[in-house]
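S.K.: 3D, please:
(one chain, ligands or ions: 1)
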Amino acid sequence: MPPGASVVDAFKNLIRHGKHHNNNQPRIADISKQDTPSDQPSTDPSAAQPSSRGLRQHNPDKSPQPREAAEIIVEEERKAKAKMPTYKGLETYHIEEKMGDGAFSNVYRAVEISTGRRVAVKVVRKYELNSSQAGDKHLNPQFKKKPRVTERANILKEVQIMRGTSHPSIVKLYSFSESEEHYFLVMELMEGGELFHQIVKLTYFSENLARHVILQVARGIRYLHEERGVVHRDIKPENLLFERIEIIPSKNPIHRPYDEDKEDEGEFIPGVGGGGIGKVKIADFGLSKVVWNEQTMTPCGTVGYTAPEIVKDERYSKSVDMWALGCVLYTLLCGFPPFYDESINVLTEKVARGYYTFLSPWWDDISHSAKDLITHLLCVDPAQRYTIDEFLGHPWCNAAPAPPPPPTPFIYGNLKEPLSGGKPLDSPLLSAARGGRTHEGRSPGIATLKEAFDITYAVHRMEEEGARRRKYNGRGGAGARGFLSGLNEDEEDLDDESDSEHEDDYRRAAREVAMAPVQDHQVHRSVLDGRAGPRDQGKGRIIQATGAGTNTEAVKPRAGRGRRQAFELDLDNATLLGRRHKRAVGSPLKMEGLRMDDQPPHPIAGSTMLM
Ligand SMILES: Nc1ncnc2c1ncn2[C@@H]1O[C@H](COP(=O)(O)OP(=O)(O)OP(=O)(O)O)[C@@H](O)[C@H]1O
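M.R.: Residues are numbered from 1 along each chain as shown. Prediction:
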């Protein structure tokens, strides 16, 4: 979490603490608003207690005055900026602010000193302390840092892919360089940051705004799939960045009675945007794969030969992005993800079976056309799933921006199916899913939701790619190694594993994510996103090798517990799915390397590749 963000979140938390959600939808926005920043534990005793909405009305004595709050923010930002690091090899840039971080990297907003150009710089650590040695560090003067070989391959692949792209919907890479300790990726700056945070801010997007966003993403995907032979494999709101535009207050703000919290997203201006969102671009190619060679126009790993199963494999690889596009569109339109569960096993099952629903009342006012499009994306069978061209040809994508329909009058008591106990949707489960404080005072937090996305996508990739391997093996076709394995470094680790072992390893890895001590948090992301091989995981090496990763958003273990539970939310074994089956008012749906030839052969300290 960027320092600025933690301050803002802390402020939001301060002014919103004690807010009780009488709307009860499991929204990402609610989750964030209730989230206590991990580095700034709440000291407010009322924070764990449900209370009435709006601190200003209900607890005016404790409400920070606007000037006070502004001063706090300014002071915190000043402190955060003063702490900006300097990196050997990056002297030509002035680092201003941390914008984000990943497993082994930090992303900063910076200014190129010679030109004044504002950029984003991703600084990736080359070495990690080997945690098995870390304990001996002071005793053993021979202590060595461990080079992260797999990560080097991944970074170089990411760089190669970004270098080869030029599209308005793809974040540009300006230059790549490295020092002894770090890799530096200097990129186009997307001032708005992650789309994720804008969903948090606006609760959900109008259809016009959702279309504006998703079409830009889709055009970027089309370019990657059809012109570059690249599958992104990690399309999610965190990896979609935007350029900020001014919000022009709406003449007729949308108001849905069950969404009192929805901030006015402002007028939508066709061709420009709305909700503060202008251009949207795809970032983070760390998990991307090349599925065909753009020069020879052949699938990678083959020369002038394209067997039917290879063509199919290419299509199926791409279909992973289409499924993710469906998840993003679903989330934009309603503010919560299609697949979520407190238990990682249940979440895995839901993703694998494609269990999701258009939950009422939040989907009631959304057009049938949008739902139809989503059902063609979130279908389990990749052969049935829309391709990017089918997506772009769908009527919803081509509808002219229209004024929003008037909201459906909504009274809780008038729900077609009464919700249990006279407390509609106000269950520990849904409260937890939306991030409201439960009776136990817990909140899953924004990190949990992000992790839910990560796990959902990882499970989906695992399911589909594993299934393809099995199919080819069975047919004596391209085999488990397929054409992908030769080009994408991270798959090579898996090659001599049987398919079932492979899947078991992933399932084990997924379970590990849920059960690991917090310091291993990043390890599991790397296991799940395929940056580390299941083989490593099986030998228990990954945890040792990468346990030093830090993430300020990592879910903290609760006091007195050595290991955390799945998302820290095992509430009476209740699941959203279970409740949806019983209660959903709407229509529940049961849906069913790049070659590194031109990479520098050895690390070249201080070298720069200009794009
Ligand atoms: N070009 C950019 N402009 C603005 N912010 C950026 C940019 N690139 C990255 N960020 C911020 O930094 C975060 C991490 O970047 P990125 O996803 O590329 O890193 P990563 O190490 O690969 O992360 P992960 O481990 O999550 O995949 C992004 O989610 C975003 O908040």
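S.K.: Lys318 belongs to a helix, doesn't it?
M.R.: Yes - secondary structure of Lys318 (DSSP: H, G, I helix; E, B strand; the rest coil): part of a helix.
S.K.: Can you report how many residues neighbour it?
M.R.: Neighbours of Lys318 under the rule other C-beta atoms under 10 Å: 23. C-betas here are computed from N, CA, C, even on glycine.
S.K.: Distance-wise, check it relative to Tyr457.
M.R.: Per C-beta to C-beta, to the nearest Å, Lys318 is found 15 Å from Tyr457.
S.K.: my guess is Met322 is in a strand, correct?
M.R.: No - read with three-state DSSP, Met322 is helix and lies in no strand.
S.K.: Would you mind measuring from it to Ile199?
M.R.: In terms of C-beta to C-beta, Met322 sits 20 Å off from Ile199.
S.K.: Could you do Lys262 as well?
M.R.: To Ile199, Lys262 is 11 Å away according to C-beta to C-beta.
S.K.: can you pull out the helices in the stretch 101-250 of the chain?
M.R.: Remark: helices assigned in the stretch 101-250 of the chain by DSSP state H, counting those that start in this stretch are 131-134, 149-163, 195-202, 207-222.
S.K.: OK, contacts around the closest residue in space to Ile235 that isn't next to it in sequence?
M.R.: In space, Ile235 comes closest to Ala324 once its chain neighbours are excluded; the distance is 3.9 Å by C-beta to C-beta, 6 or more residues apart in numbering. Neighbouring residues of Ala324 by C-beta atoms under 8 Å, 6 or more residues apart in numbering: His232, Arg233, Asp234, Ile235, Lys236, Tyr457, His460.
S.K.: Looking at the residues you listed, which is nearest the ligand?
M.R.: The ligand lies nearest to Asp234 out of the contacts of Ala324, by C-beta to the nearest ligand atom, at 6.7 Å.
S.K.: Please report how far the closest residue to that closest one other than its chain neighbours lies from Ile235.
M.R.: Nearest non-adjacent residue to Asp234, counting by C-beta to C-beta, 6+ apart: Leu287, 4.3 Å away. To Ile235, Leu287 is 10 Å away according to C-beta to C-beta.
S.K.: Please apply the same query to Ile388.
M.R.: Distance from Ile388 to Ile235, counting by C-beta to C-beta: 11 Å.
S.K.: cool, and Glu71?
M.R.: 40 Å.
S.K.: And the two? Which one has more around it.
M.R.: Ile235 (27 against 12).
S.K.: who are the neighbours in contact with the more buried one?
M.R.: Contacts of Ile235 (C-beta under 8 Å, 6+ apart): Val217, Ile221, Ile282, Asp321, Ala324, Leu325, Val328.
S.K.: repeat that with 10 Å
M.R.: Applying C-beta atoms under 10 Å, 6 or more residues apart in numbering, one finds that Ile235 lies in contact with 217-218, 220-221, 224, 282, 284, 287, 320-328, 457.
S.K.: Then Glu238?
M.R.: 100, 102, 193-197, 283-284, 449-450, 453-454.
S.K.: Can you tell me which of these has the most neighbours?
M.R.: With neighbours defined as other C-beta under 10 Å, the most crowded of the contacts of Glu238 is Leu449; it has 29 neighbours.
S.K.: Am I right that Thr456 is in a helix?
M.R.: Yes - according to three-state DSSP, the state of Thr456 is that of a helix.
S.K.: do you know how far it is from the ligand?
M.R.: 15 Å (C-beta to the nearest ligand atom, to the nearest Å).
S.K.: hang on, Gly354 packs against Ile374?
M.R.: No - under the criterion of C-beta atoms under 10 Å, Gly354 makes no contact with Ile374, lying 11.5 Å away.
S.K.: Between these two, tell me which one has more neighbours.
M.R.: Legend: neighbour count by other C-beta under 10 Å for Gly354 and Ile374, higher for Ile374 (24 against 19).
S.K.: how would you label the more buried one: helix, strand or coil?
M.R.: helix.
S.K.: quick one: it from the ligand, how far?
M.R.: 24 Å.
S.K.: wait, isn't that residue in contact with Leu329?
M.R.: Yes - between Ile374 and Leu329 there is a contact under C-beta under 10 Å: 5.9 Å.
S.K.: quick revisit: need the overlap of contacts for Leu287 and Ile235.
M.R.: Common neighbours of Leu287 and Ile235 (C-beta under 10 Å, 6+ apart) are Val320, Tyr457.
S.K.: related to what we said a few turns ago, could you redo the contacts of Ala324 as JSON lines and give each row pLDDT?
M.R.: Output for the contacts of Ala324, formatted as JSON lines (pLDDT from 0 to 100):
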{"residue": "His232", "pLDDT": "94"}
{"residue": "Arg233", "pLDDT": "91"}
{"residue": "Asp234", "pLDDT": "91"}
{"residue": "Ile235", "pLDDT": "95"}
{"residue": "Lys236", "pLDDT": "93"}
{"residue": "Tyr457", "pLDDT": "73"}
{"residue": "His460", "pLDDT": "75"}
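S.K.: Closest to Val380 out of those residues?
M.R.: His460 (9.6 Å; C-beta to C-beta).
S.K.: got the contact list for that closest one?
M.R.: 233, 319-320, 323-324, 327, 339, 348, 351-352, 354, 378, 380, 382.
S.K.: do the same with Glu267
M.R.: So Glu267 contacts Asn208, Ile247, Ile248, Pro249, Ser250, Lys251, Asn252, Pro253, Gly274, Gly275 (C-beta under 10 Å, 6+ apart).
S.K.: Understood, closing this out.
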